[in-house]
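Enquirer: I would like to see how this sequence folds:
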Amino acid sequence: MSLAIKHQVPTRANMTLDAANEHHGDAGQNAIAAMRMMLGKSSAASQFDKLTNQQRALVLFAARLKPSEYISKPLLSLSTNEREAVRQSIIALIDLGRAFGNMPLSRDQFISPRQTAITHSKANSQKTATEHQAQPVDDEFARVTQQAHSLISEFNYDAEH
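Expert: Modelled structure (predicted):
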């Protein structure tokens with residue numbers, strides 16, 4: 001039994017093709033870098049400027065910048081400290097996305113029948129406690145109402161006689 005390891009034999013055509021691909025890859029990267037220099041934007045600034053208002057608001061809120069004040073500003077118009085805060089918030093949001101990235105996010109993952117029953121149980125116990133606190137007030141109101149009826153009936157009796 002022999003083990004044959006297959007290696008691609010380097011030929012002049014393969015080496016020329018590899019060199020051409022490397023050259024075009026570098027040329028492409030250089031062209032993109034040159035365009036960015038002309039535009040004056042990094043890829044991060046370009047991507048930030050393409051975000052929807054909701055996405056931008058999330059990033060700004062996480063950066064502790066008022067979305068109402070900064071939502072329409074391009075990234076490069078922000079101060080260095082503001083841009084750093086935006087960078088840190090994007091990193092935090094990416095980490096958050098990774099934390100939930102490999103799990104299903106269907107509704108049943110967040111609202112299970114057991115959790116719903118627990119929530120209803122807590123709501124009912126809170127309602128019972130509120131009703132229990134309101135009971136003395138209701139009792140006092142009933143007592144005052146009964147006295148008022150009694151006084152009115154005495155007044156009506158005296159008026160008739």
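Enquirer: What strand or helix carries residue 30?
Expert: Residue 30 is part of helix 12-39, with elements assigned from DSSP states H and E.
Enquirer: Skip ahead from that helix and say which helix or strand is next.
Expert: Once helix 12-39 ends, the next helix or strand along the chain (criterion: DSSP H and E) is helix 43-50.
Enquirer: I'd like the mean pLDDT over that next one, please.
Expert: Throughout helix 43-50, pLDDT has a mean value of 89.
Enquirer: Let me see the mean pLDDT of the helix holding residue 30.
Expert: 63.
Enquirer: Now do the same contact list for the closest residue to residue 70 other than its chain neighbours.
Expert: Leaving aside its sequence neighbours, residue 70 sits nearest to residue 60 (Cβ to Cβ, 6 or more residues apart in numbering; 5.1 Å). To be clear about C-beta, it is placed using only N, CA and C from the backbone, and glycine gets the same treatment. The contact partners of residue 60, by Cβ atoms under 8 Å, 6 or more residues apart in numbering, come to 66-67, 70-71, 86, 89.
Enquirer: Show the model's pLDDT score for residue 85.
Expert: Taking residue 85 on its own, its pLDDT is 96.
Enquirer: Quick check: it vs residue 54, distance?
Expert: As for residue 85, its distance to residue 54 is 19 Å (criterion: Cβ to Cβ, to the nearest Å).
Enquirer: more neighbours, those two?
Expert: residue 85 (18 against 9; other Cβ atoms under 10 Å).
Enquirer: burial count for the residue nearest to that one when sequence neighbours are not counted?
Expert: With Cβ to Cβ, 6+ apart as the criterion, residue 85 has its nearest non-adjacent residue at 3.9 Å, and that residue is residue 63. Neighbours of residue 63 under the rule other Cβ under 10 Å: 22.
Enquirer: so which of the contacts of residue 60 comes closest to residue 100?
Expert: Nearest to residue 100 among the contacts of residue 60 is residue 89, at 16.9 Å by Cβ to Cβ.
Enquirer: re the thing from before, buried only: go through the contacts of residue 60 for me.
Expert: For the contacts of residue 60, a burial check counting by 16 or more other Cβ atoms under 10 Å picks out 67, 70, 86, 89.
Enquirer: Wait, the last one touches residue 67, no?
Expert: No - here residue 89 does not reach residue 67: they are 11.5 Å apart, not a contact under Cβ atoms under 8 Å.
Enquirer: what do those two both touch?
Expert: The contact sets of residue 89 and residue 67 overlap at 60-61 (Cβ under 8 Å, 6+ apart).
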